[in-house]
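1. Following is a predicted model, sequence given first.
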Amino acid sequence: MREPKKIIHIEDFEPYAGAETVERIIRKAKPLRDTHVVHVNSTYYGGGVAEVLSAKTLLMNSLGIRTGWRVIQGSPDFFSVTKKMHNALQGDAIGLTERKLRIYEDVIYENVVRNHLNHDIVVVHDPQPLAMIRHYRKYGPWIWRCHLDLTRPNREVMRYLRPYIERYDAVILTLEEYQQKFRTPQIFFFPTINPFSIANRELSEEEISERLDHYKIPDDLPLVVQVSRFDHWKDPVGVIEAFRIARKEADCTLVLLGNVATDDPEGEKVYQSLMDSREERIIILSVQDSALVNALQRRAAVVLQKSLREGFGLTVAEAMWKGTPVIGGNVGGIRYQIEDGKNGFLVSSVQEAAARIVRLIKDRKLNRTMGERAKETVRRKFLLTSSVERYLDLFGSFETSYRFVKK
Ligand code: UDP
């Protein structure tokens with residue numbers, strides 16, 4: 001039998017975050033030792049929330065905070081309703097019929113029956129499990145963490161969700177500008193990436209080539225890459241259009257890599273709708289392979305994240321961490337990740353995206369400088385240590401109201 005691999009520890013972050021930050025985090029975790037925390041979301045893989053939770057829950061345990069992770073189950077009908085809520089929170093119209101609400105509330109209740117949540121702290125992610133709170137007796141604070149772009153939420157969905165949201169003790173949103181008129185206190189911080197994950201760890205040139213060869217991805221021409229769930233908010237059609245314009249001036253290959261999350265029933269349809277665009281130099285792949293994500297983000301000349309709405313683009317931070325310049329949609333959290341013209345480019349149209357692709361392919365010096373600045377931005381702001389510290393601060397702030405700490 002083999003020894004299990006070592007999980008990440010806060011000390012591993014010292015080279016990136018510095019000794020002072022590491023010590024401060026250890027100090028903040030101490031009074032919270034043995035606190036029993038659970039995170040609840042709706043998928044183990046595919047999408048940023050699962051990615052964030054897999055690293056954070058491990059690191060929190062290694063800091064002595066007993067942190068678990070539950071995933072709710074749901075029928076395709078349920079996830080179709082919750083994806084509509086997700087879309088509506090990002091601004092789409094929604095028709096919340098009696099039938100849809102029944103599906104939502106019934107599946108929520110089934111999950112409540114199965115999940116005995118008597119933890120000191122419960123953190124619920126995004127709209128899918130949001131309403132569970134209605135059925136529990138609280139033993140400590142409940143926190144709702146919403147990862148979505150709440151720039152212009154649809155009123156109807158907010159009207160329905162608000163009574164649930166206001167039962168929480170705190171709401172975490174990514175940006176201050178997503179703030180809503182809730183009675184519940186709202187705090188704001190960015191999601192972060194784990195530099196040691198398979199998607200982000202260092203790779204040798206041989207390892208990168210091996211992954212690309214495995215999927216028969218040619219790298220004889222500069223690679224233009226977007227890695228995203230197949231979702232219309234990620235604008236895959238706009239990426240293909242921008243690539244088609246750009247390659248008239250700078251020859252290149254486009255790779256669109258995506259996956260389909262179990263809580264996102266629209267993915268397969270979006271993927272199928274792109275099939276007709278495939279050709280020798282437009283490669284569209286639907287696979288879940290984190291090492292391939294890593295290899296593509298490293299080998300790419302340019303990474304795109306041409307989202308039309310984006311709470312925060314983990315893929316943006318991941319590519320920047322690898323020193324690859326990113327062209328991002330000028331929306332939501334991406335505007336706080338990319339400083340236009342400094343560590344990447346922000347774009348608002350297909351034409352702009354095409355022009356930036358050409359520039360970054362042709363101007364190698366600019367490409368390198370932006371990539372270096374991008375990596376430094378992530379080191380300072382978007383590594384796991386930042387969000388872990390913000391969670392510890394939040395947990396610590398409940399000490400007096402709930403007294404769960406020294407129970
Ligand atoms: N991802 C992946 N494979 C794919 C597409 C995405 O592993 O084919 C990962 C990606 O590396 C990132 C996460 O899924 O960690 C997506 O998070 P992001 O915040 O960019 O978008 P979301 O899907 O949450 O809207």
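-> Alright, I've got the coordinates. On a predicted model such as this, the values are computed, not experimentally measured, just so you know.

2. which residue sits closest to the residue in the chain that the ligand sits nearest to, ignoring its sequence neighbours?
-> Closest approach between the chain and the ligand, counting by CB to the nearest ligand atom: residue 48, at 2.7 Å. Placement of C-beta: from N, CA and C, glycine included. Once its chain neighbours are removed from consideration, residue 48 has its nearest residue in residue 314; the separation is 4.2 Å (CB to CB, 6 or more residues apart in numbering).

3. now do residue 377
-> Counting by CB to CB, 6+ apart, the residue nearest residue 377 is residue 343, at 5.1 Å.

4. Residue 325 is in contact with the one you found, correct?
-> Yes - under the criterion of CB atoms under 8 Å, residue 343 makes contact with residue 325 at 7.4 Å.

5. So between those two, which is more surrounded?
-> Higher neighbour count among residue 343 and residue 325: residue 325, with 26 against 21, using other CB atoms under 10 Å.

6. near the ligand, which residues of this protein?
-> By the rule CB under 6 Å from any ligand atom, the part of the chain lying against the ligand is 47-48, 51, 199, 227-229, 257-259, 288, 290, 293, 313-315, 318.

7. Now, those residues that are in helices?
-> Using DSSP state H, 48, 51, 290, 293, 314-315, 318 are the members of those that sit in helices.

8. which one of those residues is nearest residue 205?
-> For those, the minimum distance to residue 205 (CB to CB) is 16.9 Å, reached by residue 293.

9. Could you report the neighbour count for that closest one?
-> Taking other CB under 10 Å as the criterion, the count of residues near residue 293 is 24.

10. Same check on residue 151?
-> The number of residues packed near residue 151 is 15, by other CB under 10 Å.

11. where does it land in three-state SS?
-> In three-state terms, and counting by DSSP: H, G, I helix; E, B strand; the rest coil, residue 151 is coil.

12. Do I have it right that it meets residue 176?
-> No - when contacts are counted by CB under 8 Å, residue 151 is not listed as touching residue 176 (11.7 Å).

13. And the helices in the stretch 301-407 of the chain, which stretches?
-> Ranges of helices within the stretch 301-407 of the chain are 314-321, 334-337, 350-362, 364-381, 384-397, 399-402, based on DSSP state H, counting those that start in this stretch.

14. and the fourth one, how far out from the chain's middle?
-> By that I understand helix 364-381. For helix 364-381, the distance from its own C-alpha centre to the chain's C-alpha centre is 20 Å (CA atoms, centre = their mean, to the nearest Å).

15. ok, back up a step: residue contacts, the residue nearest to residue 377?
-> Remark: with contacts taken as CB atoms under 8 Å, 6 or more residues apart in numbering, residue 343 is in contact with 320, 325, 370, 373-374, 376-377.

16. do the same with residue 365
-> Contacts for residue 365 were tallied using CB under 8 Å, 6+ apart; there are none.

17. Next, work out how far apart the closest residue to residue 185 other than its chain neighbours and residue 159 are.
-> Leaving aside its sequence neighbours, residue 185 sits nearest to residue 170 (CB to CB, 6+ apart; 5.4 Å). Here residue 170 is placed at a distance of 21 Å from residue 159 (CB to CB, to the nearest Å).

18. Looking at the two, which is more packed in?
-> Set side by side, residue 170 and residue 159 show more neighbours around residue 170, with 18 against 10, by other CB under 10 Å.

19. returning to what we had before: save the helices of the stretch 301-407 of the chain as a markdown table, and put in distance to residue 144 and mean pLDDT too.
-> Conversion of the helices of the stretch 301-407 of the chain to a markdown table gives the following (distance: least, CB to CB, whole Å; pLDDT from 0 to 100):
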| stretch | distance to residue 144 | mean pLDDT |
| --- | --- | --- |
| helix 314-321 | 19 | 98 |
| helix 334-337 | 21 | 98 |
| helix 350-362 | 34 | 98 |
| helix 364-381 | 23 | 98 |
| helix 384-397 | 12 | 97 |
| helix 399-402 | 16 | 63 |
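
20. Just give me the residue right at the centre of this structure.
-> residue 48 (2.7 Å; CA atoms, centre = their mean).

21. Report pLDDT for that residue.
-> Predicted confidence (pLDDT) for residue 48: 91.

22. got the contact list for it?
-> Residue 48 sits next to 147, 191, 312, 314 when contact means CB under 8 Å, 6+ apart.

23. Please, which helix or strand holds residue 77?
-> The secondary structure element spanning residue 77 is helix 76-89 (assigned by DSSP states H and E).

24. Heading C-terminal from that helix, find the next helix or strand.
-> Stepping forward along the backbone from helix 76-89, the first helix or strand reached (DSSP H and E) is helix 98-114.

25. from the chain's centre, how far out does that next one sit?
-> 26 Å.

26. Enumerate every residue touching the nearest residue to residue 321 once chain neighbours are set aside.
-> Closest residue in space to residue 321, ignoring its immediate chain neighbours: residue 378 at 4.4 Å, by CB to CB, 6+ apart. Contacts of residue 378 were listed using CB under 8 Å, 6+ apart, and they are 193, 317, 320-321.
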